[in-house]
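>>> predicted coordinates and the sequence they were generated for:
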Amino acid sequence: MKRRGFLLSSTTAVGAGIGTVAWPSLISRAFAQNATPEDGALSGLSDSYRTAQRAHRPLLVLVIPEDNGARWERGSALGAFLNHGSDEAMSAIGTCEVTCATMAVVRQLVPQAPAGEPLMLVIDAGHVPATVTTIDPSLPAEIPYPSGEDRWDAFYAQMEARVDQQIAVIQAAVSAAFAARLQLLSATERDAARQRAVDTYRAHRIRGSYWARQAGCGVYVEEVPETGGIGCGMGHTPERAQRFLYFFAPNGNPL
Amino acid sequence: MTEPSRTNVVGERAAVLVGTALALCGCSGVEASGTALVLLDDEARAAGIEIAVDGEAQADEGPIAVPSRGRVEVRRGLHHESLETTPGEVVAIEGAEGRVRHGVDPGRLVLDGDRAQALSFAELAGVQAVPLPDGRFLIDGENAMWTALLFPELVGSVSPWTAPPRGVETASSAWLAGGGDEGWAARTAVGLEAQGETPSTASPTDLAAFVGAYVADDVVLVLDAQGGLHMTGTGLDRRGTFDLDRQGQLLLRFEDGVVTVHARGDDQLEDPSGLRFRTMPVATITRRRQAPVLDAMVPAPFDP
């Protein structure tokens, strides 16, 4: 796999005294500290669904991929969006009940959910059968690793740009999906929704995931006591992707 | 102008009567006024066990209101035992030995009377009357016990409800066997003609409000967003559908039977035997990392 190959190349670079690139997946593979149990995932989704239904909000499911490597990639992209997305997109998020779940868990409660692993699902929980729509923009492709030492700076710049593209693509898709709903809101209501998104989903854990931070080496999972890692200081993570959605169960805690 | 339905008339009458009764006794919200209820079952009464308040024996057949701060005794012959209660609590005194059971469900009692008596009380109080195999009636509804206190002559002799012990066939075990309501009725109850007119105790009235994952012991019941249901457990894997009847009661439809359940509160489903499916509890963060970490490496809290 490409990521595994990159880990090897990074290790080689460390040995050569050169700064390395450290995506969370690589850290996870290196430390292998957390499993990915799905215990409690159905109860969490069920609770979110019921909350959405009672609050008359759409349920927005951020879909967790089954593949562990893809979990890091998607968690990073969604994290960057949620932390740095536009006000309009955050207003849209604030109108929803947001949760994270795998499609396997989603289909237990929402059998009509589509095939595949779209980025997000919007479920209207106000009716049975519930209507389900997807938000599934094409995200920018991964950037090939540099082959020579003199290309690292350019590679870092490309990574930063890619994160910006991810944010732009996702916020455009979210804004479009909720455009009609947002048009019904006054400016004050939009602002309140945006603030709710910030206070509820940016500042605190989104069910089915954890907020985590990784700036170079080691992962710190928020809201979970005593998580952290060895800070080697030699890695690199694009600044706007340093806080990301962690789709694993840290230290045996529930997802 | 349309003629008002019998249910509406009864409901209005009940509301007036209950409201009047509560006003007369000056105890609207009686359960929160420093009063508790004590209920002796038939065996306890037959054994001569009594409840005394401030030294005076109480002769009521139904629930006995006692001041939770007063001197209350359970008298077993010459042995007088002080009974401590909390406001709003229902306490049962059970069996010939007079076992004290605290925390009795105030929403349920067993009425030892005839069908007319049970139906009258059920209509009056806005609760359900479910016939039991022994000829008595299960009265089931919010604060049924407290309402019974207001109508001692109508209610007569009542006992606390005791759910069948595990292993005894219940409505739920009938579900699992595929019998549905009819199977349950054949085993534990007879039909009740007027049951269709008794108000439902269901809280949600929207089918969507029932969607979710529920659990009872090791059995998981998922009511999905498509109207399907899936019940799983040890050696159990059954599917079906669900919908609401005209009274807002939830119907669980299996291939070989239909089960009627109702909501209790916002997060529980209950069958007539009292077995409750509760919404699946959400796990919480409790576990800590075992390996040592470098505290200095933990970054400062995120400031968006």
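Happy to help now that I have it.

>>> ranges for the strands of the stretch 201-304 of chain B?
B:212-216, B:219-223, B:228-233, B:236-244, B:250-254, B:257-264, B:268-270, B:276-279 (DSSP state E, counting those that start in this stretch).

>>> can I get the first one in CSV, CA atoms only?
C-alpha atoms of strand B:212-216 as CSV (Å, rounded to 0.1, in the frame of the first residue of the first chain):
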residue,chain,number,x,y,z
GLY,B,212,-34.4,3.5,17.4
ALA,B,213,-32.5,0.6,19.1
TYR,B,214,-34.0,-0.9,22.2
VAL,B,215,-32.8,-3.5,24.6
ALA,B,216,-34.4,-5.8,27.1
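
>>> okay, and for the chain, where does confidence drop off?
Assuming you mean chain A. A:1-40, A:148-150, A:215-218, A:225-236, A:251-255 (pLDDT under 70).

>>> try again with chain B
By pLDDT under 70, the weakly predicted segments of chain B are B:1-33, B:131-135, B:162-205, B:272-273, B:283-304.

>>> circling back: could you export the strands of the stretch 201-304 of chain B as CSV, including distance to residue B:52 and mean neighbour count?
Any C-beta I mention is one placed from the backbone N, CA and C, and that applies to glycine too. Output for the strands of the stretch 201-304 of chain B, formatted as CSV (distance: least, C-beta to C-beta, whole Å; neighbours: other C-beta atoms under 10 Å in any protein chain shown):
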stretch, distance to residue B:52, mean neighbour count
strand B:212-216, 40, 22
strand B:219-223, 44, 22
strand B:228-233, 47, 18
strand B:236-244, 48, 16
strand B:250-254, 44, 19
strand B:257-264, 34, 20
strand B:268-270, 35, 21
strand B:276-279, 35, 18
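
>>> and the ones you listed as CSV, adding distance to chain A?
Converted to CSV, these look like this (distance: least, C-beta to the nearest C-beta, whole Å):
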stretch, distance to chain A
strand B:212-216, 4
strand B:219-223, 6
strand B:228-233, 6
strand B:236-244, 8
strand B:250-254, 12
strand B:257-264, 12
strand B:268-270, 12
strand B:276-279, 7
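
>>> so for residue B:65, which of those sits nearest?
Taking C-beta to C-beta, strand B:257-264 is the member of the strands of the stretch 201-304 of chain B nearest to residue B:65, at 24.4 Å.

>>> could you check the angle that closest one makes with strand B:236-244?
Between strand B:257-264 and strand B:236-244, the angle comes out at 70 degrees (axes from the mean of the first three to the mean of the last three C-alpha atoms, to 10 degrees).

>>> which other helices and strands contact strand B:257-264?
helix B:171-177, helix B:180-188, strand B:250-254, strand B:268-270 (3 or more C-beta pairs under 8 Å, 6 or more residues apart in numbering or on different chains; DSSP states H and E).

>>> contacts only, for residue A:111.
Applying C-beta atoms under 8 Å, 6 or more residues apart in numbering or on different chains to residue A:111 gives the contacts B:224, B:225, B:226, B:228.

>>> tell me how far stretch A:94-110 lies from the chain's centre.
Distance of stretch A:94-110 from its chain centroid, counting by C-alpha atoms, centre = their mean, to the nearest Å, is 14 Å.

>>> gap between the two ends of it?
End-to-end distance of stretch A:94-110 (C-alpha to C-alpha, to the nearest Å): 22 Å.
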